[in-house]
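Engineer: Dropping a prediction and its sequence here:
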Amino acid sequence: MQTITGTDISFAAELLRKGELVAIPTETVYGLAANALDADAVLKIYETKGRPLFNPLIVHVHDAKQFEKYAEEIPSIVYELADKFSPGPLTFVLKKKNIIPDIVTGGGDTVALRVPGHPLALKLLSQLDFPLAAPSANPFGYISPVNAFHVREQLEGRIPYILDGGNSMVGIESTVISFEGNKVSVLRAGGVAMEDIAEQIQNSKFKIQNFVKPILNLESSILNSPGQLKSHYAPKIILKFGKMEKLLAKYSNEKKAILSFSKKYSGENIVAYEILSLKGDLHEAARNLFSAMRKLDASGAEVILAEKFPDHGLGVAINDRLERASS
Ligand code: TXA
Ligand code: MG
């Protein structure tokens, strides 16, 4: 199969209507999209990604008003949060309606819905009369793509079209939240900081749960959100994650690639370096994270040393990705 890259929204729409896959830009990462209401089309996503079937997909819609077409018993707080954060990097796990095929939800009775904050994705959705199921457009377990080139590197020859929307401006995946009674649980840290969600709901009856690192503690229990799988987002070479001074001392003899927030560290045998934000801005760091990991992965180093980021704001999501890339 020949893979074409371009900006032709009508062509992308036509392929999707025929049940084909199209890689689409979003503000978080690129998605590998199919008609979410067509089980055969969705099956192609799992095959192309090599993704286990129990791992449910996010369904992308044009507008939060469409949530009620695909979900029921939607708590009022969902619309308050959507007013503030949609379109944007926030995904809502809700009770699904039957119109959503089981293959989209891993057989479960909930569906994850999101309005992507990227103009091309929104324009594409407005031309379709179905929503788009889309996981990140990378082989299962590898680093998520944040531009069309990254998608092509890994999926060339396997999909007909990559809709090119430039670099993803958020750079890490959406925050995934679910609802139970008055509890809002963060299933995956992502592009909306938990503090911002907490602030938005502070005057409601809802309380945020599992505020700190909900994701890594749940290994043995049910996989509520398989983004929780411990080894994920992983580069090909070994990545070590922690306090940089300690890592540099421990790996003094190895050929190293360094991933740091804003500081420049020195040491022996450093062959590659990525500083994610010289001015110490966590949004900028998130935007640069996956591109930097790919560059370091191709640097010829024996080991990538990644420092721990501040544990607040988007630092929580960055640390989550690095911690899982290291296991
Ligand atoms: O930013 C994003 O969310 C990107 C773009 C393309 O939208 N998508 C993305 O998809 O990261 P994926 O498949 O790589 O991750 C989806 C996450 C997984 O952690 C999955 O477990 C969770 O959403 N998820 C999907 N449906 C769910 C459900 N019904 N219940 C709980 N978690 C769900
Ligand atoms: Mg993914």
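Structural biologist: Everything's here; your move. Ligands and ions are numbered 1, 2, ... in the order given.
Engineer: quick one: low-confidence ranges for the stretch 151-300 of the chain?
Structural biologist: For the stretch 151-300 of the chain, the stretches flagged by pLDDT under 70 are 210-232.
Engineer: can you give me the helices in it?
Structural biologist: Remark: helices assigned in the stretch 151-300 of the chain by DSSP state H, counting those that start in this stretch are 194-201, 244-250, 282-297.
Engineer: Make TSV from those and add distance to ligand 1 and mean neighbour count to it.
Structural biologist: From N, CA and C alone the C-beta is placed, and that goes for glycine too. As requested, the helices of the stretch 151-300 of the chain are exported to TSV (distance: least, CB to the nearest ligand atom, whole Å; neighbours: other CB atoms under 10 Å):
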stretch	distance to ligand 1	mean neighbour count
helix 194-201	15	17
helix 244-250	28	15
helix 282-297	11	22
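Engineer: and those as a markdown table, adding distance to Ile270?
Structural biologist: A markdown table is the format used below for the helices of the stretch 151-300 of the chain (distance: least, CB to CB, whole Å):
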| stretch | distance to Ile270 |
| --- | --- |
| helix 194-201 | 34 |
| helix 244-250 | 9 |
| helix 282-297 | 11 |
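Engineer: quick one: which of the ones you listed is nearest Ala34?
Structural biologist: Relative to Ala34, the nearest member of the helices of the stretch 151-300 of the chain by CB to CB is helix 282-297, separated by 22.5 Å.
Engineer: show me the residues around the residue most central in space within the chain that make contact.
Structural biologist: For the chain, Glu173 is the residue whose C-alpha lies nearest the centre (CA atoms, centre = their mean; 2.4 Å). Applying CB atoms under 8 Å, 6 or more residues apart in numbering to Glu173 gives the contacts Thr28, Val29, Pro89, Ser136, Ser144, Arg188, Gly190, Gly191, Gly227, Ala317.
Engineer: what about the residue lying closest to Ala64 once chain neighbours are set aside, is that helix, strand or coil?
Structural biologist: Distances taken as CB to CB, 6 or more residues apart in numbering place Ala82 nearest to Ala64, at 3.7 Å, with adjacent residues excluded. At Ala82 the chain is in helix, as set by DSSP: H, G, I helix; E, B strand; the rest coil.
Engineer: Ala82 contacts Arg114, correct?
Structural biologist: No - between Ala82 and Arg114 there is no contact under CB atoms under 8 Å: 9.7 Å.
Engineer: Surely Ala121 touches His60?
Structural biologist: Yes - with contact defined as CB under 8 Å, Ala121 counts as touching His60 (6.9 Å).
Engineer: where do the contact lists of the two overlap?
Structural biologist: Thr26, Gly31.
Engineer: and the stretch 1-150 of the chain, which residues reach ligand 1?
Structural biologist: Taking CB under 6 Å from any ligand atom as the contact definition, the stretch 1-150 of the chain meets ligand 1 at 26, 28-29, 31, 55-58, 89, 91, 93, 105, 108, 110-112, 114, 116, 134-136.
Engineer: Any of those residues buried? List them.
Structural biologist: Listed as buried from those are 26, 28-29, 31, 55-58, 89, 91, 93, 105, 110-112, 114, 116, 134-136; burial here means 16 or more other CB atoms under 10 Å.
Engineer: Out of the residues you listed, list just those in strands.
Structural biologist: Among these, the members found in strands (DSSP state E) are Gly31, Ile58, Thr91, Val93, Thr110, Val111, Ala112, Arg114.
Engineer: ok, now which ones touch Pro145?
Structural biologist: Residues in contact with Pro145, defined by CB under 8 Å, 6+ apart, are Ala23, Val29, Tyr30, Ser136, Ala137, Asn138, Val151, Glu153, Gln154, Phe290.
Engineer: Out of these, which is nearest to ligand 1?
Structural biologist: Each of the contacts of Pro145 was checked against ligand 1 using CB to the nearest ligand atom; the closest is Ser136, at 3.8 Å.
Engineer: Not counting sequence-adjacent ones, nearest residue to that closest one?
Structural biologist: Ser144 (4.1 Å).
Engineer: Can you report how many residues neighbour that neighbour?
Structural biologist: Neighbours of Ser144 under the rule other CB atoms under 10 Å: 25.
Engineer: List the residues that contact Val104.
Structural biologist: Ala36, Ala39, Val42, Pro56, Leu57, Val59, Val111, Ala133.
Engineer: give me that answer again for 6 Å
Structural biologist: Val104 makes contact with Ala36, Val42, Leu57, Ala133, according to CB atoms under 6 Å, 6 or more residues apart in numbering.
Engineer: Could you report the separation of it from Gly141?
Structural biologist: Plainly put, Val104 is 20 Å away from Gly141 if you go by CB to CB, to the nearest Å.
Engineer: ok so, going back, list the residues that contact the residue nearest to Ser136.
Structural biologist: Going by CB under 6 Å, 6+ apart, Ser144 touches Val29, Ser136, Asn138, Phe290.
Engineer: Doesn't it belong to a strand?
Structural biologist: No - under the criterion used here (three-state DSSP), Ser144 is coil, not part of a strand.
Engineer: any idea of the pLDDT on it?
Structural biologist: In this model, Ser144 is scored at 96, pLDDT.
Engineer: Below-threshold pLDDT in the stretch 1-150 of the chain: ranges please.
Structural biologist: Within the stretch 1-150 of the chain, no stretch falls below the threshold (pLDDT under 70).
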